[in-house]
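> One predicted model, sequence on top.
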Amino acid sequence: MRVGIIADVHANLAALEATLSALERLDVAEIICLGDVVGYHARPGECIERVAETCARTVAGNHDRDVLTSEPREGTRAVARQVQSWTREQLAPAQLEWLAALPNRVVHRSGFVAVHGCYLNEHHFTGYVTSTMIPANLERVAACAEWPRVALVGHTHSPICAWLHAGRVVEERNAASRWPDVASAVLLNPGSVGQPRDGDPRASFGVLDVSARLFEIHRVEYDVASTVAELDSAGLPCELGERLRTGR
């Protein structure tokens, strides 16, 4: 079963539409969203509607949770706070209810578990699984009998395939990665649809086939200029547009 994996849309409708079109061409069975549907960009309501329409399951991201309250979490950057307040004002009550109902974790029937942030805290929507944190997260997944050994995360905005075997961690950042059958845990990140941070400004998403032990990373061009223009029209911070142009 080939499953499309998207994450970190961040209210970037042009990037989301390009990604959904690419996934349709790739003929995946369904799509799973790893959260942060909103935040940073100017089309939050439309992105909620499209994700709700096209994704079989969606887990909550930190931005999805943060927009539900007027009180920012401790440590939230000023830019994120500004966008959080603006986003909340744009959303209809039904859209806020949809965000509030998102689960923190999903176990998929094809054999993977999905969260937004990390596996080391109870709510799962915060905590970055960077290279230094990959071993601890893999060990946590391997130790949990209730979860499949294949685990998905978003939040870092950078794609990766990593696995654990005999105490050794292997990391790959290839267009296609196949993990060995002997791996005791596997960690996969599809990168970001709406705000890539690995130096490639194209929208990033994944296609996962657990039975084939295969994870593909795909990139798709979209109209960055129109998204930046939407940011400017909405009065959102100009640095967000610069990050889109550079993929940082």
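Thanks, I have it.

> Tell me the confidence at Gly75?
In the prediction, the pLDDT value recorded for Gly75 is 60.

> my bad, should have said Arg248
89.

> wait, doesn't it sit right on Gly199?
Yes - contact criterion CB atoms under 8 Å: Arg248 and Gly199 qualify, at 6.5 Å. In this view, the C-beta of every residue, glycine as well, is placed from N, C-alpha and C.

> okay, and the common contacts of those two?
Overlap of the contact sets of Arg248 and Gly199 (by CB atoms under 8 Å, 6 or more residues apart in numbering) is empty.

> how far away is Gln129 from Glu122?
In this structure residue 129 is Val, not Gln. 16 Å (CB to CB, to the nearest Å).

> Now do the helix or strand encompassing Pro135: distance to the chain's middle.
Using DSSP states H and E, Pro135 falls within helix 134-143. With CA atoms, centre = their mean, to the nearest Å as the basis, helix 134-143 stands 19 Å off its chain's centre.

> now for it, which elements pack on it?
strand 150-152, strand 160-165, strand 168-172, strand 185-189 (3 or more CB pairs under 8 Å, 6 or more residues apart in numbering; DSSP states H and E).

> now the third one: mean pLDDT?
Model confidence over strand 168-172 averages 96 on the pLDDT scale.

> next helix or strand past that strand?
strand 176-178.

> Parallel or antiparallel, list what pairs with that next one.
strand 214-220 (antiparallel) (DSSP bridges).

> which other residues reach the partner strand?
Residues contacting strand 214-220 (CB under 8 Å, 6+ apart): 18-19, 21-22, 26, 159, 161, 173-179, 188, 190-191, 200, 202-209.

> ok, which stretches of the protein are helices?
In the chain, the segments counted as helices under DSSP state H are 13-26, 44-54, 62-66, 78-90, 93-100, 134-143, 224-234, 238-246.

> Next, format those helices as TSV and append distance to Gly111.
Below are the helices of the chain laid out as TSV (distance: least, CB to CB, whole Å):
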stretch	distance to Gly111
helix 13-26	20
helix 44-54	22
helix 62-66	25
helix 78-90	34
helix 93-100	27
helix 134-143	12
helix 224-234	35
helix 238-246	34
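
> Ala175 and Gly206, how far apart?
Applying CB to CB to Ala175 and Gly206 gives a distance of 11 Å.

> who has more neighbours, these two?
Using other CB atoms under 10 Å as the criterion, Ala175 and Gly206 rank with Gly206 on top: 24 against 11.

> could you list every residue that touches the nearest residue to the more buried one once chain neighbours are set aside?
What sits nearest to Gly206 in space, not counting adjacent residues and going by CB to CB, 6 or more residues apart in numbering, is Pro190, at 3.2 Å. Taking CB under 8 Å, 6+ apart, we find Pro190 in contact with 5-7, 34, 152, 154, 159, 204-206, 217.
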